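**Student:** 3D, please:
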Amino acid sequence: MKHFNLSEFFRSSTAAKNGIKNEPSIDERATIVRNINLLVDNVLDPVRDKFGIPVIITSGYRCPQVNRLVGGVDNSQHMSGCAADFHIKRSAYLTMRQVFFYIYDTLEFDQLIYYRSKNIIHVSYVQNCNRHEAFFKP
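**Tutor:** Numbering: from 1, shown residues only. All right, here's what the predicted structure looks like:
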């Protein structure tokens, strides 16, 4: 993990607004931290290295309560530390498109979704189980 701090993945405005501690249980913590490290090492750090611009995590790990509050699906990969939503600092639409296609063309990933209206990318990485699913959403 070269360009990120673990705290970026536990930060949540929804959790803060609702007085929720957005951290995994003691039993789950080691696995979730390992999954976050795999996501960063295999996807997010390479993106930062390629484009040389800060990658801003907008949603990383979500405890079940936070996941429900944000409308996440019951089996969200955010709850296992395998997924993150992000944007590139001061990016234009084309830059995010370039990031999407860079990940798609060169990196290993499980799921890759570009939300055009929000200008964010959702990406997940699952060790030894990546499906390479990619979508554009409005």
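**Student:** so which helix or strand takes in the most centrally placed residue in the chain?
**Tutor:** In the chain, the centroid-proximal residue (C-alpha atoms, centre = their mean) is residue 84; its distance is 0.9 Å. In this structure, residue 84 sits in strand 83-88 according to DSSP states H and E.
**Student:** From residue 76, how far out is the spatially closest residue to the residue nearest to the centre of the chain that is not a sequence neighbour?
**Tutor:** Excluding the flanking residues, the one nearest residue 84 by C-beta to C-beta, 6 or more residues apart in numbering is residue 60, at 4.8 Å. (Each C-beta comes from the backbone N, C-alpha and C, glycine too.) Relative to residue 76, residue 60 is positioned 12 Å away (C-beta to C-beta, to the nearest Å).
**Student:** Between the two, tell me which one has more neighbours.
**Tutor:** Between residue 60 and residue 76, counting by other C-beta atoms under 10 Å, residue 60 is the more crowded of the two (25 against 19).
**Student:** So what's the residue count around residue 41?
**Tutor:** Tallying neighbours of residue 41 according to other C-beta under 10 Å, which is how burial is gauged here, yields 14.
**Student:** Could I get the contacting residues of the closest residue in space to it that isn't next to it in sequence?
**Tutor:** Counting by C-beta to C-beta, 6+ apart, residue 1 is the residue found nearest to residue 41 once chain neighbours are left out, at 6.8 Å. Listed by C-beta atoms under 8 Å, 6 or more residues apart in numbering, the contact set of residue 1 reads 37, 40-41, 45.
**Student:** tell me the pLDDT at the closest residue to residue 48 other than its chain neighbours?
**Tutor:** The spatially closest residue to residue 48, leaving aside those adjacent along the chain, is residue 3, at 4.4 Å (C-beta to C-beta, 6+ apart). Predicted confidence (pLDDT) for residue 3: 94.
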